[in-house]
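Novice: Okay, structure incoming, though there's no sequence with it:
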């Protein structure tokens, strides 16, 4: 059980078809190679991926995986290493609630980024440490939707209780007034190492020796591309289809199942336009 009086978030996913997405800026800024430098010998859980199951790899950080890890650890202290751009808010809430209820002391270490759903998970720590160049990012729930003006009015009203619940968690952990937290979320706020300690999002700074950079993965690059395509207005299904066609091979003119020449040229132009924001 958390040593802190943190609120439980009491809402469930209303539909299996509903998914909150990753804010494009978070995905663009995320360095997936950042990880813990050494094994401390303590029981630990690594959250170094998107929150929720990843379509491309079948991986990702899910509540089922975290539940299994906590069962194996038992009522002992646990260290949670985080470097994640966020993802599925409902999975993030489920993981937060699990860590909040864990019998042992929970130490959270933000190695690179704890954005969106990952920042909610981090709030469950009894002790939160953050690297000097690392960041929290807090914002309102981010989704991709389609519809008319009436649909969007209804959607905004529907999302508001979720944002309020997240604001209550940030407020309880940091001591910042809920109204001020909601203002931070409304404008999407990034809080870096020292400022995170000053504002109460973290308790201490991590020693730089505890953080290292590994190799960047192809999966992370694909996720960033998908995020960029979706932020340009493309649906998730169309973005995944386009990337899959690029991955399947060259054009039909050489007898493969990939994109036709005309489609490839059109798609390549789109990808070139998206390339500059993805650099870094």
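Specialist: It's in. Computed from a predicted model, the values in this text were never measured in an experiment.
Novice: Name every strand pairing with whichever strand in the chain runs longest and say which way it goes.
Specialist: Ranked by residue count and defined by DSSP state E, the top strand of the chain is strand 106-115. Applying DSSP bridges, strand 106-115 is found paired with strand 78-84 (parallel), strand 127-131 (parallel), strand 135-138 (parallel).
Novice: Format those as CSV; extra columns: mean pLDDT.
Specialist: CSV is the format used below for those (pLDDT from 0 to 100):
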stretch, mean pLDDT
strand 78-84, 97
strand 127-131, 98
strand 135-138, 98
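Novice: Now the host helix or strand of residue 98: buried residues?
Specialist: Taking DSSP states H and E as the definition, one finds residue 98 inside helix 89-101. Of the residues in helix 89-101, 89-100 count as buried by neighbour count, 16 or more other CB atoms under 10 Å. (Each C-beta comes from the backbone N, C-alpha and C, glycine too.)
Novice: where do the helices sit along the stretch 1-150 of the chain?
Specialist: Secondary structure of the stretch 1-150 of the chain (DSSP state H, counting those that start in this stretch): helices at 24-29, 63-73, 89-101, 117-122, 149-174.
Novice: which residues touch the strand or helix carrying residue 205?
Specialist: Using DSSP H and E, residue 205 maps to strand 204-206. With contact meaning CB atoms under 8 Å, 6 or more residues apart in numbering, strand 204-206 is reached by 109-111, 127-132, 134, 193-194, 197.
Novice: low-confidence ranges in the stretch 151-280 of the chain?
Specialist: Counting by pLDDT under 70, the ranges of the stretch 151-280 of the chain that qualify are 215-237, 239-240, 242-280.
Novice: The same query, at a cut-off of 80, please.
Specialist: Applying pLDDT under 80 to the stretch 151-280 of the chain flags residues 214-280.
Novice: Can you spell out the domain ranges of this protein, please?
Specialist: For the chain, automatic domain parsing gives the domain ranges 24-213, 218-278.
Novice: Let me have the ones you listed in JSON lines, extended by distance to residue 7.
Specialist: Shown next, in JSON lines, are the domains of the chain (distance: least, CB to CB, whole Å):
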{"stretch": "domain 24-213", "distance to residue 7": "5"}
{"stretch": "domain 218-278", "distance to residue 7": "30"}
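Novice: Out of the ones you listed, indicate the one that is most buried.
Specialist: Greatest average neighbour count among these goes to domain 24-213 (a mean of 19), per mean count of other CB atoms under 10 Å.
Novice: That one spans what distance, first to last residue?
Specialist: 22 Å (CA to CA, to the nearest Å).
Novice: Same check on stretch 103-121?
Specialist: 16 Å.
Novice: how about the domains of the chain, which one is nearest residue 10?
Specialist: Among the domains of the chain, the nearest to residue 10 by CB to CB is domain 24-213 (7.7 Å).
Novice: how long is stretch 48-64 end to end?
Specialist: Using CA to CA, first and last residues of stretch 48-64 are 16 Å apart.
Novice: circling back: partner strands of the strand holding residue 205, with direction?
Specialist: strand 127-131 (parallel).
Novice: Quick one: residues in contact with the strand it pairs with.
Specialist: Residues contacting strand 127-131 (CB under 8 Å, 6+ apart): 105-112, 114, 122, 136, 173, 193, 196-197, 201-206, 208, 210-211.
Novice: Next, the angle from it to helix 149-174.
Specialist: Orientation of strand 127-131 against helix 149-174 (axes from the mean of the first three to the mean of the last three CA atoms, to 10 degrees) gives an angle of 110 degrees.
Novice: now the strands for the stretch 151-280 of the chain?
Specialist: 189-192, 204-206, 211-213 (DSSP state E, counting those that start in this stretch).
Novice: what's the closest of those to residue 42?
Specialist: strand 204-206 (14.4 Å).
Novice: The longest strand of the chain to helix 63-73, inter-axis angle?
Specialist: Going by the same axes, to 10 degrees, strand 106-115 makes 160 degrees with helix 63-73.
Novice: For residue 6, find the nearest of the domains of the chain.
Specialist: Of the domains of the chain, nearest to residue 6 by CB to CB is domain 24-213, at 5.3 Å.
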